[in-house]
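>>> Quick one: sequence and predicted model below, then my questions.
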Amino acid sequence: MRYPVVVHNIEYAGFGAIAPDLPHCHCHAETLDATLQKMAETILQRLEDVCAAGESPPEPGDIDTLRGNPAFAGGIWAIIDVAHSQTSPNKTER
């Protein structure tokens, strides 16, 4: 899945990122590259949590629509492409 992510430069503190389509999915790092890498890991973890709760992952939103939200003004937009295999939360390992 390809999730839009907005990154803001936090003065004297690095970068903060949020995936607007995934509740509670955000991270912080010192560099832009580190932030994007950490965001990919955070998205994967959040998707695993959602699936473990028996829910379906939310569909990625339209980046043009998200850009129009004033809460994200001034941010740098990126697309994080994550390969996530959705497994049944009731699956029994043998």
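That came through fine.
>>> where do the strands sit along this protein?
Remark: strands assigned in the chain by DSSP state E are 2-10, 14-18, 26-29, 76-81.
>>> ranges for the helices of this protein?
For the chain, the helices defined by DSSP state H cover 32-52, 63-67.
>>> who wins for proximity to W77 among these?
W77 lies closest, by C-beta to C-beta, to one member of these: helix 63-67, at 6.1 Å. From N, CA and C alone the C-beta is placed, and that goes for glycine too.
>>> Keeping just the C-alphas, turn the closest one into CSV.
Extracted as CSV, the C-alpha positions of helix 63-67 are listed here (Å, rounded to 0.1, in the frame of the first residue of the first chain):
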residue,chain,number,x,y,z
ILE,A,63,-2.7,13.2,-1.5
ASP,A,64,-4.2,16.2,-3.3
THR,A,65,-7.2,16.2,-0.8
LEU,A,66,-4.8,15.9,2.2
ARG,A,67,-2.7,18.8,0.9
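>>> Could you number the chain from 14 rather than 1 from now on?
Understood, numbering begins at 14; the last thing we discussed is helix 76-80.
>>> Mind listing what's buried along that helix?
By 16 or more other C-beta atoms under 10 Å, the buried positions in helix 76-80 come out as I76, L79.
>>> next one: stretch 27-47
Neighbour count says stretch 27-47 has F28, G29, A30, I31, A32, P33, D34, L35, C38, H39, C40, A42 buried, by 16+ other C-beta under 10 Å.
>>> Run a quick check on A26 versus H41, I expect a contact.
Yes - under the criterion of C-beta atoms under 8 Å, A26 makes contact with H41 at 7.5 Å.
>>> I'd say K51 and C40 touch.
Yes - the criterion here is C-beta under 8 Å, and K51 meets it with C40 at 4.5 Å.
>>> For T55, which non-adjacent residue is spatially closest?
C40 (4.7 Å; C-beta to C-beta, 6 or more residues apart in numbering).
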